[in-house]
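Chemist: here is a sequence together with a model predicted from it:
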Amino acid sequence: DAVCAHCPCSGKKAEEWVLYAQVVAPFMVAFVEWIFKSANQDNVKRLYFLARDGQILWKIASRLITAGVTDIDCRYLFASRQALHLPGHIDISQSKNWILENTNHLSVQTIAGRLQTDPIKLSQALGISHSQPFDKNLSTVERNEISFLIEMPSALQLINSSTQQAFNLASGYFRQEGLLSEKPVPFGLVDVGWHGRLQRSIENILKKNGAPCAQVYGYYLALNDHFVFSGVDAKRLKAFMYAPSGPHEGKWILDHVEMIELLHAADHASTMCYTQHENGLYGATFLPSQLKNGADFRHHAILAFVDEYAKLRTQFGRAISMPPCLTTINTILHRPNKRQAELFIEYEHSEHQDEQQSSPYVVKKIPYQYTFIGPAHNIHGRWPEGSHALNKTILIYRLLRTASKIKKKIIPNTKISQTSNLSKKITQ
């Protein structure tokens with residue numbers, strides 16, 4: 001067909017192209033059409049697509065705007081956890097979640113990086129010894145101890161000091177991009193979603209500048225049951241597939257957030273912070289490199305579909321019903337075959353804000369003795385269904401997952417109180 005005619009490759013890469021052009025692209029176009037419809041209902045005339053997962057959605061929106069689909073002003077905003085959470089810091093009870101985010105590897109150096117400060121200064125502020133390397137992975141007990149130490153006055157003073165510089169730069173960038181205009185206009189934020197923390201940090205920055213947030217909306221693919229907004233404010237955040245208040249039929253997508261993030265991956269590195277250039281303009285400072293994610297190739301395939309869709313949409317004068325792409329994506333993510341799994345072998349994911357450590361989406365070889373162990377990312381990959389499909393152990397994996405879900409329903413979670421020897425390391 002017209003879309004496949006644009007395919008520049010053959011073999012497995014052609015299969016990957018077809019997957020993006022005929023399955024992923026219709027799904028994303030349907031999402032963008034829903035965003036436009038929801039924004040119009042909310043009287044929103046400007047949308048900010050948040051980096052990096054929002055980049056391909058912004059590109060789709062831009063193609064549709066060129067085709068005359070909408071007159072909504074769509075902009076791309078450089079953003080990330082690392083760039084927004086620090087300038088959006090208001091109080092430690094709210095910020096603990098991102099400062100001490102419980103990643104597989106968490107060290108004093110990791111925490112210092114999130115706070116854009118020196119690990120020596122951080123250890124002094126926490127009152128802990130320097131006897132161990134700053135990059136040592138903290139034990140569960142040590143992490144619990146630091147969650148108390150982070151509330152010490154000396155630690156709070158360090159955080160507030162680091163926050164101020166980041167806040168000034170973020171405010172300059174926001175003002176330049178129109179989020180802090182003298183005459184506030186309703187605008188919406190677009191992202192794949194999950195917890196709403198980026199929107200909360202953006203709103204914190206606006207509030208600290210004295211700007212209202214009552215007309216700031218959020219349009220997401222899905223929102224986690226524990227997303228951070230509540231009450232009246234929660235109504236400003238809307239989801240295409242799933243949110244606690246509805247809709248509910250697409251909750252399955254939350255089982256595969258990392259694969260969904262890969263499909264939305266951008267063609268540039270992550271934003272670390274904001275900076276002001278010599279000419280007075282503000283911009284983003286990026287990580288020096290990014291993980292291999294195939295974004296350029298994927299975007300090319302997706303936009304090939306979008307261009308053909310835009311022609312038909314202009315011809316019919318309305319949005320066009322999509323094939324059952326959600327059902328197809330659901331099937332692929334939950335029950336992939338070997339060939340589908342092979343398409344994602346080369347890609348990697350990092351849960352860390354600085355992307356210093358990563359793990360593959362699909363593991364080529366799972367040692368037999370680990371087949372029956374829970375899906376640790378370094379053993380089963382970020383997409384364990386894909387790894388097990390490739391290793392021909394998918395049936396065993398499904399049985400174990402089913403048993404685990406049954407066990408969780410029968411046996412309630414219990415918390416074990418622990419104490420550590422970290423307090424013995426506190427400097428006198």
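Modeler: Now that the structure is in, tell me what you want to look at.
Chemist: quick one: stretch 72-86 to chain centroid distance?
Modeler: Going by CA atoms, centre = their mean, to the nearest Å, the spacing between the C-alpha centre of stretch 72-86 and its chain's C-alpha centre is 12 Å.
Chemist: what about the strands in the stretch 51-200 of the chain?
Modeler: Counting by DSSP state E, counting those that start in this stretch, the stretch 51-200 of the chain has these strands, from start to end: 73-77, 187-194.
Chemist: just those strands: most buried one?
Modeler: Across the strands of the stretch 51-200 of the chain, averaging neighbours per residue (mean count of other CB atoms under 10 Å) puts strand 187-194 on top, at a mean of 23. Heads up, the C-betas are built off the backbone N, CA and C, glycines and all.
Chemist: Provide the strand pairings for it, with the direction of each partner.
Modeler: strand 46-50 (parallel), strand 216-223 (parallel) (DSSP bridges).
Chemist: rebuild those strands as a markdown table, extending it with mean neighbour count and mean pLDDT.
Modeler: Listed next are those as a markdown table, based on neighbours: other CB atoms under 10 Å; pLDDT from 0 to 100:
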| stretch | mean neighbour count | mean pLDDT |
| --- | --- | --- |
| strand 46-50 | 23 | 98 |
| strand 216-223 | 24 | 97 |
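Chemist: so for Glu308, which of these sits nearest?
Modeler: Distances from Glu308 to each of the strands paired with strand 187-194 were compared by CB to CB, and the smallest falls on strand 46-50, at 22.0 Å.
Chemist: if we can go back for a sec, in JSON lines, list the strands of the stretch 51-200 of the chain along with mean pLDDT and distance to Ser350.
Modeler: Below are these laid out as JSON lines (pLDDT from 0 to 100; distance: least, CB to CB, whole Å):
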{"stretch": "strand 73-77", "mean pLDDT": "97", "distance to Ser350": "22"}
{"stretch": "strand 187-194", "mean pLDDT": "96", "distance to Ser350": "16"}
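Chemist: helices along the stretch 301-428 of the chain, start to end?
Modeler: With helices called from DSSP state H, counting those that start in this stretch, the stretch 301-428 of the chain shows them at 325-334, 338-342, 377-380, 384-390, 394-410.
Chemist: for the strands of the stretch 51-200 of the chain, give me JSON lines that also has distance to Gln22.
Modeler: Conversion of these to JSON lines gives the following (distance: least, CB to CB, whole Å):
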{"stretch": "strand 73-77", "distance to Gln22": "25"}
{"stretch": "strand 187-194", "distance to Gln22": "21"}
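Chemist: out of the ones you listed, flag the one nearest Ser129.
Modeler: Judging the strands of the stretch 51-200 of the chain by CB to CB, what sits closest to Ser129 is strand 187-194, at 36.4 Å.
Chemist: report the angle between the closest one and strand 73-77.
Modeler: 50 degrees (axes from the mean of the first three to the mean of the last three CA atoms, to 10 degrees).
Chemist: hmm, who's touching strand 187-194?
Modeler: 35, 38-39, 42, 44-50, 53-54, 57-58, 77, 178-179, 198-199, 202, 215-224, 227, 239, 254, 257, 260-261, 264 (CB atoms under 8 Å, 6 or more residues apart in numbering).
Chemist: could you rerun that using 7 Å?
Modeler: With contact meaning CB atoms under 7 Å, 6 or more residues apart in numbering, strand 187-194 is reached by 35, 39, 44, 46-50, 53-54, 57, 198-199, 202, 216-224, 239, 257, 260-261, 264.
Chemist: again with stretch 385-398
Modeler: Counting by CB under 7 Å, 6+ apart, the neighbours of stretch 385-398 from elsewhere in the structure are 333-334, 336-338, 341-342, 344, 361-366, 371, 380-381, 384.
Chemist: ChimeraX command to pick out the buried ones of these?
Modeler: For the buried members of the contacts of stretch 385-398, the matching ChimeraX selection, counting by 16 or more other CB atoms under 10 Å, is:
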select :333,336,341,342,344,361,362,363,366,380,381,384
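Chemist: longest helix anywhere in the chain?
Modeler: Using DSSP state H to assign secondary structure, the helix with the most residues in the chain is helix 153-177.
Chemist: for that one, give me every contacting residue.
Modeler: Residues from elsewhere that reach helix 153-177, judged by CB under 7 Å, 6+ apart: 75, 77, 86-87, 89, 92, 115-117, 121-122, 125-126, 149, 180, 205, 208-209, 273-276, 281-282.
Chemist: among these, name the ones in helices.
Modeler: Mapping the contacts of helix 153-177 onto helices (DSSP H) picks out Ile92, Lys121, Leu122, Ala125, Leu126, Leu149, Ile205, Lys208.
Chemist: those, buried ones only, as a PyMOL selection?
Modeler: For selection in PyMOL, the members of these meeting the burial criterion (16+ other CB under 10 Å) are listed in this command:
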select buried, resi 92+122+125+126+149+205+208
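Chemist: format the ones in helices among the contacts of helix 153-177 as a markdown table; extra columns: distance to Gly317.
Modeler: Formatted as a markdown table, the entries for those read as follows, by distance: CB to CB, whole Å:
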| residue | distance to Gly317 |
| --- | --- |
| Ile92 | 53 |
| Lys121 | 61 |
| Leu122 | 59 |
| Ala125 | 61 |
| Leu126 | 62 |
| Leu149 | 62 |
| Ile205 | 40 |
| Lys208 | 45 |
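Chemist: closest one to Val29 out of the ones in helices among the contacts of helix 153-177, please.
Modeler: Nearest to Val29 among the ones in helices among the contacts of helix 153-177: Ile205, at 31.4 Å, using CB to CB.
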